[in-house]
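Q: Model the following, please.
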Amino acid sequence: MLAFTEKIIKEFTRAGKDDLVDEITAYATKSGKIENPSKKFQNVINGPVVGASAPSLQIGSAKKTINKKTILLFFESGCNNCENEIHQLLGNYQILKDKGYEVISVVADMTKEAGDGHNHEFPWKEQLCDYKGFSGPNFQNYAIIGTPTFSS
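A: Reported below is the predicted structural model:
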């Protein structure tokens with residue numbers, strides 16, 4: 001049941017179906033059939049709730065509170081789907097900026113070399129990478145289990 005639930009959660013997350021992620025995790029948790037939930041599943045259960053305040057972002061040794069219209073892009077260098085989303089975001093960035101949105105990118109790379117050949121000139125200020133991948137605090141706090149993922 002755990003593997004199936006994780007797969008469904010990943011697909012719903014990828015499709016932006018947060019309401020369905022909430023429903024499937026609630027159902028799976030209450031079913032009692034998941035005795036030893038994986039770290040990924042626990043992250044989703046404990047992740048942010050739609051409509052609640054966003055978790056703070058870890059930026060080096062400081063924390064940033066999200067208190068205005070913000071789009072977070074969680075991605076991995078070299079991920080084809082991520083590259084497609086990045087190009088679309090870059091093409092629409094000025095529109096988002098004009099509407100008052102801040103964009104922050106958070107990359108799951110584990111090494112500086114992971115981005116080789118996939119470097120982007122992002123026009124936004126905040127570009128975060130702690131080289132901890134999905135284990136990093138920002139990926140954990142936002143319950144990111146797959147990329148690309150947008151959060152707003």
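
Q: Quick one: name whatever helix or strand follows the helix or strand of the chain with the lowest mean pLDDT.
A: Lowest mean confidence among the helices and strands of the chain (mean pLDDT, DSSP states H and E): helix 39-46, at a mean of 68. Past helix 39-46, further along toward the C-terminus, the next helix or strand under DSSP states H and E is strand 57-59.

Q: quick one: the strands in the protein?
A: 57-59, 62-64, 70-75, 102-107, 127-128, 149-151 (DSSP state E).

Q: Reformat those as a markdown table; add mean neighbour count.
A: (C-beta placed from N, C-alpha, C; glycine too.) Formatted as a markdown table, those follow (neighbours: other CB atoms under 10 Å):
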| stretch | mean neighbour count |
| --- | --- |
| strand 57-59 | 17 |
| strand 62-64 | 11 |
| strand 70-75 | 21 |
| strand 102-107 | 21 |
| strand 127-128 | 15 |
| strand 149-151 | 18 |
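
Q: Of all those, which one comes closest to residue 93?
A: Closest approach to residue 93 among the strands of the chain (CB to CB): strand 102-107, 6.6 Å.

Q: what's the domain layout of this structure?
A: If you go by automatic domain parsing, the domain ranges for the chain are 2-46, 57-151.

Q: Which residue or residues pair with residue 58 through a beta bridge?
A: On the basis of DSSP bridges, residue 58 takes part in beta bridges with residue 63.

Q: thought residue 137 was touching residue 58?
A: Yes: proximity of residue 137 to residue 58 meets the contact threshold set by CB atoms under 8 Å, at 4.3 Å.

Q: Need the residues touching each of those two.
A: residue 130 (CB atoms under 8 Å, 6 or more residues apart in numbering).

Q: want to try TSV for the strands of the chain, with mean pLDDT and distance to residue 114 as columns?
A: Formatted as TSV, the strands of the chain follow (pLDDT from 0 to 100; distance: least, CB to CB, whole Å):
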stretch	mean pLDDT	distance to residue 114
strand 57-59	90	19
strand 62-64	89	24
strand 70-75	94	11
strand 102-107	95	8
strand 127-128	92	14
strand 149-151	87	18
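
Q: all helices for this protein, in order.
A: In the chain, the segments counted as helices under DSSP state H are 2-14, 18-31, 39-46, 80-98, 137-141.

Q: and residue 125, which of those helices is closest to it?
A: helix 80-98 (11.2 Å).

Q: Buried residues in the closest one, which are they?
A: 82, 83, 85, 86, 89, 93, 96 (16 or more other CB atoms under 10 Å).
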